[in-house]
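K.L.:
Below are the sequence and a predicted model for it; my questions follow.
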Amino acid sequence: MAQKPTSKAHSKQIEARTVGRKKGHKFEALLAAEINKLNGTVFTPTNNTSHLSQGNPAHNLLQYISNNQNIVIKSVKASWLGGLATSGLGDAITDDNGNPITKSKSDVLIKIQTPDATKTIGISVKTCNKKTPTNDQMFFTTARAFCQLLSNNGIAVSEEATAGLSMFCGDAGYRPADRMSKEALVARKLDPNRYYWEEMSKKAQNDWNKIISDNQDRISLLLFQKAYKDDPFPPEYLLHQTVKYTDFYDCETAIFSMNEIIKLSRMHSGFVLSEYRIYKGTYKNKDIVHMAPRFGFIQFQRGGQKVHPTQLQFNLKSGYFYILKDYFDKI
């Protein structure tokens with residue numbers, strides 16, 4: 001359902017998100033089309049395993065897969081799935097049981113023929129259309145749904161941790177406006193619609209520290225691969241258009257297998273809290289220090305959007321692919 005703007009500023013935000021999404025879908029569709037043009041080109045493993053590459057992203061992706069899996073690629077068939085969930089646009093394909101695919105975390109699906117077998121490989125595609133790298137959203141959910149996702153995958157989440165995350169997101173019943181007196185709200189001098197990380201109970205903070213520290217790789221992989229129930233083709237590779245390009249055939253991309261990106265993220269950092277202040281907006285207060293949680297190069301925050309303000313938003317740190325260059329030769 002299309003969002004209804006509540007102001008001129010909100011209208012511009014909606015327009016910017018729509019334009020960005022369309023540009024991302026255009027790149028995904030173009031990538032799939034260019035991969036199909038390479039059908040019949042044989043890719044054999046080479047010693048060049050650079051994660052950052054310049055040139056034709058379609059060619060570089062297929063060569064990367066050949067190198068990474070040590071396989072000869074004889075033929076390919078790519079399908080674009082990226083627009084199915086957001087705009088109903090994409091290729092009409094079915095899963096192994098003949099059921100139509102309507103949503104997938106994989107933006108591009110590649111069927112590869114090797115001398116010995118046929119492989120179907122999902123690709124998560126991230127795009128950037130600025131001259132410098134920007135944060136890229138990787139997962140958008142609710143506090144309770146995220147806790148349930150972890151629980152469904154064998155990662156225990158305490159009630160205290162669940163409640164704390166609901167406070168952080170500002171779910172109904174967990175907001176300062178629901179729990180504090182008018183006098184206390186005035187004295188607090190902060191947004192009455194949500195609590196900040198440092199305001200959660202110490203037990204909730206300690207629980208999340210332990211949950212993420214003990215399960216960082218598993219949680220990171222869930223964020224990269226899980227979005228839709230029973231997704232038949234979770235992505236096995238990540239291709240990131242790093243910055244705006246003028247020529248598709250001379251485009252810089254960062255390419256990783258999921259195992260590689262998870263390992264690199266953990267090598268970069270475990271669970272940490274970073275300080276920040278609020279310098280603008282209705283509830284600005286530059287004198288109060290807040291804590292922003294992150295692990296590896298994954299950041300998360302309360303969405304705060306007009307339509308879904310209490311959503312939990314996970315982002316990739318801008319320029320992470322340059323930051324991780326120091327670790328490339330260690331994996």
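P.N.:
Perfect, I can see it now. All values reported here derive from a predicted model rather than from experimental measurement.
K.L.:
okay, CA-based contacts and neighbour counts for the rest of this
P.N.:
Will do.
K.L.:
Can you give me the neighbour number for A156?
P.N.:
Neighbour count for A156, taken as other C-alpha atoms under 10 Å: 12.
K.L.:
Next: N48.
P.N.:
For N48, using other C-alpha under 10 Å, the count is 10.
K.L.:
how about the helices of the stretch 151-300 of the chain, start to end?
P.N.:
With helices called from DSSP state H, counting those that start in this stretch, the stretch 151-300 of the chain shows them at 159-169, 176-179, 182-188, 202-214, 216-225, 258-268.
K.L.:
Determine which stretch of those helices is the most buried.
P.N.:
Comparing the helices of the stretch 151-300 of the chain by mean neighbour count (mean count of other C-alpha atoms under 10 Å), helix 159-169 comes out on top with a mean of 22.
K.L.:
Where does the prediction get shaky in the stretch 1-150 of the chain?
P.N.:
Counting by pLDDT under 70, the stretch 1-150 of the chain shows low-confidence ranges at 1-24, 83-92, 94-95, 100, 102.
K.L.:
Now do the helices in it.
P.N.:
Using DSSP H, counting those that start in this stretch, helices in the stretch 1-150 of the chain cover 8-37, 57-69, 84-87, 143-152.
K.L.:
If you count contacts, what does the last one end up packed against?
P.N.:
In other words, helix 143-152. helix 159-169 (3 or more C-alpha pairs under 8 Å, 6 or more residues apart in numbering; DSSP states H and E).
K.L.:
circling back: of the helices of the stretch 151-300 of the chain, which is nearest P235?
P.N.:
helix 216-225 (5.8 Å; C-alpha to C-alpha).
K.L.:
any idea how far that closest one is from the chain center?
P.N.:
In terms of C-alpha atoms, centre = their mean, to the nearest Å, the centre of helix 216-225 is found 10 Å from the chain centre.
K.L.:
Ok, stretch 185-194 next?
P.N.:
30 Å.
K.L.:
ok, residues contacting it?
P.N.:
Residues outside stretch 185-194 that contact it (C-alpha atoms under 8 Å, 6 or more residues apart in numbering) are M167, F168, C169, G170, D171, Y174, R175, P176, A177, Y283, K284, N285.
K.L.:
tilt between the longest strand belonging to the chain and helix 202-214?
P.N.:
Ranked by residue count under DSSP state E, the longest strand found in the chain is strand 285-295. With axes from the mean of the first three to the mean of the last three C-alpha atoms, to 10 degrees defining the directions, strand 285-295 sits at 40 degrees from helix 202-214.
K.L.:
what packs against strand 285-295?
P.N.:
With contacts defined as 3+ C-alpha pairs under 8 Å, 6+ apart, the packing partners of strand 285-295 are strand 271-278, strand 298-302.
K.L.:
now F168, nearest residue through space, not along the chain?
P.N.:
Nearest residue to F168 in three dimensions, chain neighbours excluded: Y195, at 4.9 Å (C-alpha to C-alpha, 6 or more residues apart in numbering).
K.L.:
for that neighbour, what are its contacts?
P.N.:
M167, F168, C169, G170, R175, P176.
K.L.:
and the closest residue to the fourth one other than its chain neighbours, how far is that from I288?
P.N.:
Closest residue to G170 apart from its sequence neighbours, by C-alpha to C-alpha, 6+ apart: R194 at 4.1 Å. For R194, the distance to I288 (C-alpha to C-alpha, to the nearest Å) stands at 15 Å.
K.L.:
Show me which of these two is the more surrounded one.
P.N.:
The neighbour count for R194 versus I288, taken as other C-alpha under 10 Å, is higher for R194 (24 against 12).
K.L.:
On the pLDDT front, check the more buried one for me.
P.N.:
At R194, the predicted lDDT confidence score is 96.
K.L.:
And for E252, the neighbour number?
P.N.:
A total of 21 residues lie near E252 under the criterion other C-alpha under 10 Å.
K.L.:
contacting residues around the residue nearest to it when sequence neighbours are not counted?
P.N.:
In this structure, E252 finds its nearest non-sequential neighbour in Q54, 4.4 Å apart by C-alpha to C-alpha, 6+ apart. Neighbouring residues of Q54 by C-alpha under 8 Å, 6+ apart: D250, C251, E252, T253.
K.L.:
Can you tell me which of those are classed as buried?
P.N.:
Listed as buried from those are C251, E252, T253; burial here means 16 or more other C-alpha atoms under 10 Å.
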